[in-house]
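Engineer: pasting the structure only:
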């Protein structure tokens, strides 16, 4: 599944604003907007985003 799709699902699940997601995951509040506009992140950034989402889910599991 493409990274942007995973992020969009995460944003819906958590009701997190996309700017907050970018700030917390990669210290870039425009990150999601840039992805929506065609930005292609490298492996390091992609791995960092995946790690952030997994950690958030683990910390907020019910």
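Structural biologist: Nice, thanks for sending it over. Keep in mind it's a predicted model, so treat the numbers as computed, not measured.

Engineer: now do the strands in the protein.
Structural biologist: Here the chain has no strands by DSSP state E.

Engineer: how about residue 40, phi and psi?
Structural biologist: As for residue 40, its main-chain torsions (degrees, to the nearest 10) stand at phi -110, psi 110.

Engineer: could you check the pLDDT of residue 43?
Structural biologist: Per-residue pLDDT puts residue 43 at 97.

Engineer: count the neighbours of the nearest residue in space to residue 14 that is not next to it in sequence for me.
Structural biologist: Once flanking residues are discounted, residue 14 sits nearest to residue 56: 6.9 Å by C-beta to C-beta, 6 or more residues apart in numbering. Every residue, glycine included, has its C-beta placed from N, CA and C. Per other C-beta atoms under 10 Å, the neighbour tally for residue 56 reads 17.

Engineer: same check on residue 43?
Structural biologist: Residue 43: 7 surrounding residues under other C-beta under 10 Å.

Engineer: how about the helices in the chain?
Structural biologist: Assigned by DSSP state H, the chain shows helices spanning 3-14, 18-26, 31-36, 43-59.

Engineer: got any ranges where this protein has weak pLDDT?
Structural biologist: In the predicted model of the chain, residues 62 satisfy pLDDT under 70.

Engineer: still on that earlier bit, how near is the residue nearest to residue 14 to residue 9?
Structural biologist: As judged by C-beta to C-beta, to the nearest Å, residue 56 and residue 9 stand 13 Å apart.

Engineer: now do residue 21
Structural biologist: Using C-beta to C-beta, one obtains 12 Å as the distance from residue 21 to residue 9.

Engineer: okay, the two: which has more neighbours?
Structural biologist: residue 21 (22 against 12).

Engineer: the more buried one: what's it in contact with?
Structural biologist: Listed by C-beta atoms under 8 Å, 6 or more residues apart in numbering, the contact set of residue 21 reads 7, 10-11, 31-32.
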